[in-house]
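Q: Turn this into a model:
(4 chains)
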Protein chains: 4
Amino acid sequence: METPIVILNFKTYTESTGKRALELAGACQEVADETGVNIAVAPQHMDLQPVAEAVDIPVLAQHIDPIDAGGHTGGVLAECALEAGAAGTLINHSEKRMKLADIENVISRTRKLNMASVVCTNNVSTTAAAAALKPDFVAVEPPELIGSGIPVSKAEPEVITGSVSAVQDINPDVSVLCGAGISTGEDMRAALDLGAEGVLLASGIILAESPRDALLDLVSKV
Amino acid sequence: METPIVILNFKTYTESTGKRALELAGACQEVADETGVNIAVAPQHMDLQPVAEAVDIPVLAQHIDPIDAGGHTGGVLAECALEAGAAGTLINHSEKRMKLADIENVISRTRKLNMASVVCTNNVSTTAAAAALKPDFVAVEPPELIGSGIPVSKAEPEVITGSVSAVQDINPDVSVLCGAGISTGEDMRAALDLGAEGVLLASGIILAESPRDALLDLVSKV
Amino acid sequence: METPIVILNFKTYTESTGKRALELAGACQEVADETGVNIAVAPQHMDLQPVAEAVDIPVLAQHIDPIDAGGHTGGVLAECALEAGAAGTLINHSEKRMKLADIENVISRTRKLNMASVVCTNNVSTTAAAAALKPDFVAVEPPELIGSGIPVSKAEPEVITGSVSAVQDINPDVSVLCGAGISTGEDMRAALDLGAEGVLLASGIILAESPRDALLDLVSKV
Amino acid sequence: METPIVILNFKTYTESTGKRALELAGACQEVADETGVNIAVAPQHMDLQPVAEAVDIPVLAQHIDPIDAGGHTGGVLAECALEAGAAGTLINHSEKRMKLADIENVISRTRKLNMASVVCTNNVSTTAAAAALKPDFVAVEPPELIGSGIPVSKAEPEVITGSVSAVQDINPDVSVLCGAGISTGEDMRAALDLGAEGVLLASGIILAESPRDALLDLVSKV
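A: Residues are numbered from 1 along each chain as shown, chains lettered A, B, ... in the order given. All right, here's what the predicted structure looks like:
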């Protein structure tokens, strides 16, 4: 996955479930094609296969479990996600926090399968820790701003610059994304100017009157 | 879902992932059609939509989360499962144990959506407790026998008869299934004779040289 | 533990930590002695031994883990709680929800050690399920009312009467307590009149200007 | 806590519960006094206060929760541990794995209270990640060797040297301990020679015929 990038996390909103997940992913593909900006989508587990079949942009899992093939009822197996069409996965989202050893396990697992790993973190310290685990991306999101409409790039710019600097020290191969409260082209531009290589977002686009227009605005200043 | 029934839990075996999940589900459909025995399948989350599209027998989710539509990254939303084609779900499998309040929540949730609920339990006491929550099915599986090849109907028949009797007392509308170590027609016959209305199984069929033949044997004495 | 009973859950409030836990437990003992009403206290793990040494009223653990003696770092072993002076334990409090199989396991464990078991539940259905597991007490607390100051006996009396009736059907040996929003003598009287055999409470007493006076009021109409 | 150090994790063994926890802690104190080697003990939650009152060597909690004072029934509050006599705490033991954000939270919490933090990890990568969170100690323990009797210093010396080197790069203020399979003076000497500043151990001492003699042997080559 190339940067700068927009990753749209579909979460479990009604507006991004089933047939509407397909429509939303289609809109993402169109905006990516029209503007040339990299956009990836992370639909729900049960929507992943149909979405991956329908679009050409990268499709990510929202979560993968630290498990080998075998007896793990209800688990999300990396190999199953890969075969379903996932190019990578979110890891440790604030709504699906994982144990440290499990984050490391899933990063190793995805690396072996050539899947992209995007580890979510909540502050500069955990971003530094995540970078030490050598994922492809770290996406820092102060939890209190998620879904708030207040962009992290404005409310806590030092979280982005601090994360970029900490990652630079520990592992410069890791790309820093940021999230929480991001929804406009101005927010994304500010994030890039602070050193982020992209954004991870959800409600700002998914719940917009026209997700397509909201996406067009979001990437307008990249 | 009518009884007597066989529910095949695909778990996360390599042998039941992706394309092989489709083949396995196809074999289940054929055996159901040929023999007239009710068979349902529970594939992995990311295989559920394609499997449900490919077969006409009931398809179950392996797990559903106690969540409303919204911000629940990585969660399994009942409405998403339904739209993907799930006719019901396993709940509280021994490999995905749930909190009591969450089991009750998911049973209520599936009831409202007309989805079948199959609560897994580990002994007579927890079976009685689960029956008080009014699911459609309780599937009792002594954890020490799961994947052992030693059928519960032989090793601990009193778990089945005790469960049937406890459920009868608390809520006779609930059907009792049993699992753990079940793989042959004789095992299934014994389970039905002990009062169970079907079986929940996995490795005995999935890892068999020919799952189709193993299934044919399994249902041969129903 | 005899009924009617008041169980005071110390939770992890500053006002009920360390030296202040000892003072609070002392006040409970005095009120029990003066009024003849049964009062039990549930201090934090690390305060349990000193509290149990200081008072004669029953002292409960706030939680016990479903573990045997062995390698379980950070776990709460029933035998350790017993030796520290615990007469019983809360199980599955809304702030420490447990898996169904683990609740059953801990109830069995405490029964063997002659410790009292108080399973917390959130509604009539889960109360019925808990009663099927044969604990000594079920304490039903609608989570939305916990710490609200709005007494369950007033806001949702049908939760209490429904719980009493469900338990009567399933296992009449189980005593029903109620909690959530209870703080005055009137609240407790209403709870008893609805069929409860006692109350489980915390902030209404612990955060009162004078916990001793609040307790005296609470038990004044028993 | 000064290094080189031995931290004895009491876990939840019968041999280190209640009165026997006091005896074991007493033996640790004697060996520390006789030999001048730093020894710290980590008893069960409910044994912590009496042990801390009985001995002068550092006493650690086995776990602390990422919680503020308030409504957290069953939780371990840092302030309660401190008042009970804890000089610090284990964090993220392999038997009590924690989420990344929670590890960071508890390290910050203990730092503010001047309590020592000992984060347990399972390999070089997670050790590097933990070091980025700035605890006082990281104790690396390959889980497969815990309780095995096969010392990590012999079976996987590269885990120790790799951890020491990774920590040196990321945060040289952090001291590396090692554990898993350590029980003799030779094991501990090997660990120190590989760059560790101490050991974290349990069964090798606790289950020894004479824990006192086992400890004397353990520290004999420091």
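
Q: where does the helix or strand bottoming out on mean pLDDT in chain A sit relative to the chain's centre, distance-wise?
A: When the helices and strands of chain A are scored by mean pLDDT, DSSP states H and E, helix A:152-155 comes last with a mean of 83. Taking the mean of its C-alpha atoms, helix A:152-155 sits 18 Å from the chain's own mean (CA atoms, centre = their mean, to the nearest Å).

Q: quick one, longest helix in chain A?
A: Secondary structure of chain A read by DSSP state H shows that its longest helix is helix A:19-35.

Q: got the contact list for the residue lying closest to A:Ala42 once chain neighbours are set aside?
A: Excluding the flanking residues, the one nearest A:Ala42 by CB to CB, 6 or more residues apart in numbering or on different chains is A:Leu60, at 4.2 Å. C-beta: built from backbone N, CA, C; applies to glycine. When contacts are counted by CB atoms under 8 Å, 6 or more residues apart in numbering or on different chains, A:Leu60 is found next to A:Ile7, A:Ala40, A:Val41, A:Ala42, A:Ala86, A:Ala87, A:Gly88, A:Thr89, A:Leu90, A:Ala116, A:Val118.

Q: the strands in chain A, which residues?
A: With DSSP state E as the definition, chain A shows strands at residue ranges A:5-9, A:38-42, A:60-61, A:88-91, A:116-121, A:137-140, A:175-179, A:198-201.

Q: Just the CA trace of stretch A:103-117, in CSV.
A: Presented in CSV, the C-alpha positions along stretch A:103-117 are these (Å, rounded to 0.1, in the frame of the first residue of the first chain):
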residue,chain,number,x,y,z
ILE,A,103,0.0,-7.7,18.5
GLU,A,104,3.5,-9.0,17.9
ASN,A,105,2.2,-12.4,16.9
VAL,A,106,-0.2,-11.0,14.3
ILE,A,107,2.4,-8.6,12.8
SER,A,108,4.8,-11.6,12.3
ARG,A,109,2.0,-13.6,10.9
THR,A,110,1.0,-11.0,8.3
ARG,A,111,4.6,-10.3,7.4
LYS,A,112,5.0,-14.0,6.4
LEU,A,113,1.9,-13.8,4.3
ASN,A,114,2.9,-10.5,2.6
MET,A,115,-0.1,-8.8,4.1
ALA,A,116,0.1,-5.1,5.3
SER,A,117,-0.1,-4.5,9.0
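
Q: That one and chain D, any residue contact?
A: Yes: Stretch A:103-117 lies within reach of chain D by CB under 8 Å from any CB of the partner chain, at A:Ile103, A:Glu104, A:Ser108.

Q: Hmm, A:Cys80 is touching B:Pro50, no?
A: No: with contact defined as CB atoms under 8 Å, A:Cys80 does not count as touching B:Pro50 (11.4 Å).

Q: okay, the two: which has more neighbours?
A: Each of A:Cys80 and B:Pro50 had its neighbours counted (other CB atoms under 10 Å in any protein chain shown), and the higher figure belongs to A:Cys80 (28 against 21).

Q: how about the more buried one, what does it touch?
A: With CB under 8 Å, 6+ apart, A:Cys80 has these contacts: B:Thr12, B:Thr17, B:Gly18, B:Gln44, B:Met46, B:Asp47.
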